[in-house]
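Chemist: Turn this into a structure:
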Amino acid sequence: MTSLRFVFLLATLASFVVAKESVRRGLQENGNPNWKWDDLRFVTFGGSRTCGVGLPEDIREDATFSGLLNHADNKSVCGSSMPEYPALCLHSLIGEDSIYDVIVLEFLRADKDGAMFDLTRHLRTRFPHAIIIYLDYWFPNEFSYIPEDNKSFRQYYEEHRDPSNDDFQTEVLDGTNEEDWAHQFYDRGVLQEAADEFNAFVLAFPEVESHPIETVQQFGTLFGNDMEHFNRRGHAWIRDKIIELLSSLNYDNSRSVTNPFPSMDYCEIFYTNGQCTLRTNMTIKPFQVEGAGKKYALEVRTGQDTIDIYNTFGQDTAYLYLSYMATGPEAHYTPKTLVQVFNDSGHPTANYVIDSQLQLHDVDEHVEVVVNYKIGPVSPGESTVRFTFLDTEEKQQPENSGILRIVGLILSQNQFSEQVISDF
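Modeler: Presented below is the predicted three-dimensional model:
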């Protein structure tokens, strides 16, 4: 078994070397003397697909489309399935000194407006000569099977596939008709409008309206059995499409410069590493999340806990978001908590009530996730965030009940919707 694993690892490593060489070769064959692979600096913003969810953990970092373009200056900013979080925290995520030649944005088409425009605008302002690429894709599980009560594609596929074969089985769709499959089509024009405005490019899957069965049979091979995330073949396909685009461009990365960030932010997430630099009378404590292991949080226990924050953005108002743990449907009891922000004169600038119980429907198992909600405006200079429990019901509760767990903080010159989605 050890020798077989060693052979597999050698084959895997060889495929990565070929992948890197294919990028270099693809650029050189274009005959563009300005392309120098070793000088290219990539950054990718995206969610679970950028992170490689569904790939084996031991190769995940290198087997994603971003990893297959890998060299020393590559960076993946993943952990957000929507663009709001990177739009709020761009400066904190990439830092003051980074310069990128190629920027890839991987978000679902349904979410490519609002914050996506702001994120791209900020990136284009910061990196005026960079190549910005939108990935525009769909996945099979967006389809539902109408004759069986709109059953999800994943469920239909699992019920009809041969479990001994992990390759995509096109014959699963045999015997179904195109009118049997429902699909919500999002407006591709929104994304193209953004690309036109910011001088960006769109790498797109073909549309499926005309021939859904044929199209899914062709491109289903790029997805794992969850029918949502790319498999290794899918990540390699995305890599190849990026190479094709780059090879067609007369780009000179010697022109790469940066302008000042159009807005500033301070974002700190200590959920995964326990490294908290905030000034607070609370202490960081480890806790366990089922299926995710050890995590860390500031624990609001007394109802009179505080965090000191500082808005350093000149005379501009900042906006505070808090990241905290929410549970459901049968949540550990945590009192509803009033969060107030007081400026250095003692006047309140924001009031928000946190309810950490998730309102879930048709979900039986316990769920515990990070949520991010906007608390409100923060005046220039020093402010204090105060937490006050609003109810303290006496009832039989688990040992760790009565605790609000704060796992991060966002202070930004931008603001979007009340809730910001992230996948930490």
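Chemist: Return the set of buried residues in stretch 245-263.
Modeler: Within stretch 245-263, the residues that count as buried by 16 or more other C-beta atoms under 10 Å are Leu246, Ser247, Tyr251, Asn253, Ser256, Thr258, Pro262, Ser263. To be clear about C-beta, it is placed using only N, CA and C from the backbone, and glycine gets the same treatment.
Chemist: and what of stretch 340-351?
Modeler: So for stretch 340-351, counting by 16+ other C-beta under 10 Å, buried means Gln340, Val341, Phe342, Asn343, Thr349, Ala350.
Chemist: show me the contacts for Tyr296.
Modeler: Phe270, Tyr271, Thr272, Asn273, Gly274, Cys276, Ile284, Lys285, Pro286, Phe287, Val407 (C-beta atoms under 8 Å, 6 or more residues apart in numbering).
Chemist: give the contact list for the residue lying closest to Gln304 once chain neighbours are set aside.
Modeler: Nearest residue to Gln304, sequence neighbours excluded (C-beta to C-beta, 6 or more residues apart in numbering): Thr388, at 6.8 Å. Residues counted as contacts of Thr388 (C-beta under 8 Å, 6+ apart) are Gly303, Gln304, Thr337, Leu338, Gln340.
Chemist: Which of these fall within strands?
Modeler: Within the contacts of Thr388, residues falling in strands by DSSP state E are Thr337, Leu338, Gln340.
Chemist: Please tabulate the residues you listed in a markdown table and include pLDDT and distance to Met325 as additional columns.
Modeler: Output for these, formatted as a markdown table (pLDDT from 0 to 100; distance: C-beta to C-beta, whole Å):
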| residue | pLDDT | distance to Met325 |
| --- | --- | --- |
| Thr337 | 91 | 12 |
| Leu338 | 94 | 18 |
| Gln340 | 97 | 20 |
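Chemist: Let me know the closest of those to His122.
Modeler: Using C-beta to C-beta, Gln340 comes nearest to His122 of the ones in strands among the contacts of Thr388, at 30.0 Å.
Chemist: That closest one is in contact with His347, isn't it?
Modeler: No: with contact defined as C-beta atoms under 8 Å, Gln340 and His347 do not form a contacting pair (10.5 Å).
Chemist: Counting neighbours, which bits of stretch 276-289 end up buried?
Modeler: Buried residues in stretch 276-289, counted by 16+ other C-beta under 10 Å: Cys276, Leu278, Thr280, Met282, Ile284.
Chemist: With stretch 157-172 instead?
Modeler: In stretch 157-172, counting by 16+ other C-beta under 10 Å, buried: Tyr157, Arg161, Phe168, Gln169, Val172.
Chemist: So which residues of this protein form helices?
Modeler: Counting by DSSP state H, the chain has these helices, from start to end: 2-29, 48-51, 60-63, 65-68, 84-88, 90-94, 115-126, 153-160, 188-197, 212-219, 232-247.
Chemist: Quick check: which of the ones you listed is nearest to His366?
Modeler: helix 48-51 (21.1 Å).
Chemist: Can you tell me which helices and strands that closest one packs against?
Modeler: Contacts defined by 3 or more C-beta pairs under 8 Å, 6 or more residues apart in numbering; DSSP states H and E place helix 48-51 against strand 75-78.
Chemist: Parallel or antiparallel, list what pairs with the strand it packs on.
Modeler: Sheet pairing of strand 75-78 (DSSP bridges) gives strand 42-46 (parallel).
Chemist: Please list the residues outside the strand it pairs with that contact it.
Modeler: 50, 65-66, 69, 73-78, 80, 83, 86, 94, 98, 100-107, 119, 135.
Chemist: Now, of those residues, which are buried?
Modeler: 50, 65-66, 69, 74, 76-78, 80, 83, 86, 94, 100-107, 119, 135.
Chemist: picking up where we left off before, of the helices of the chain, which approaches Asp355 most closely?
Modeler: Among the helices of the chain, helix 84-88 comes nearest to Asp355, with 20.5 Å by C-beta to C-beta.
Chemist: picking up where we left off before, by neighbour count, which of the contacts of Thr388 wins?
Modeler: Ranked by neighbour count (other C-beta atoms under 10 Å), those have Thr337 at the top, with 21 neighbours.
Chemist: which non-adjacent residue is nearest Glu207?
Modeler: Nearest residue to Glu207 in three dimensions, chain neighbours excluded: Arg188, at 7.4 Å (C-beta to C-beta, 6+ apart).
Chemist: tell me the pLDDT at that neighbour?
Modeler: Looking at Arg188, its pLDDT reads 73.
Chemist: Leu249 too?
Modeler: In this prediction Leu249 is given a pLDDT of 84.
Chemist: now do His361
Modeler: At His361, the pLDDT recorded in the model is 60.
Chemist: ok, now Ala115?
Modeler: On pLDDT, Ala115 comes in at 83.
Chemist: Pull the contacting residues for it.
Modeler: Going by C-beta under 8 Å, 6+ apart, Ala115 touches Met82, Pro83, Glu84, Ala87, Phe416.
Chemist: In this structure Lys295 contacts Asn273, no?
Modeler: No: in this structure, Lys295 is not within contact of Asn273 by C-beta under 8 Å, at 9.5 Å.
Chemist: Compare neighbour counts for those two and give me the winner.
Modeler: Lys295 (21 against 10).
Chemist: Okay, that one and Ser152: tell me how far apart.
Modeler: Lys295 is 30 Å from Ser152, where distance means C-beta to C-beta, to the nearest Å.
Chemist: His122 too?
Modeler: Counting by C-beta to C-beta, the gap from His122 to Ser152 is 36 Å.
Chemist: for Val371, same thing?
Modeler: For Val371 relative to Ser152 (C-beta to C-beta), the value is 25 Å.
Chemist: The nearest residue to Asp355 once chain neighbours are set aside: neighbour count?
Modeler: Among residues not flanking Asp355 along the chain, Lys336 sits closest, at 5.2 Å (C-beta to C-beta, 6+ apart). Residues lying near Lys336 (other C-beta under 10 Å) number 15.
Chemist: low pLDDT regions in the stretch 301-424 of the chain?
Modeler: Residue ranges of the stretch 301-424 of the chain with pLDDT under 70: 303, 330-333, 360-364, 392-402, 423-424.
Chemist: repeat that for 80
Modeler: Scanning the stretch 301-424 of the chain for pLDDT under 80 picks out the ranges 302-303, 328-335, 358-366, 391-402, 421-424.
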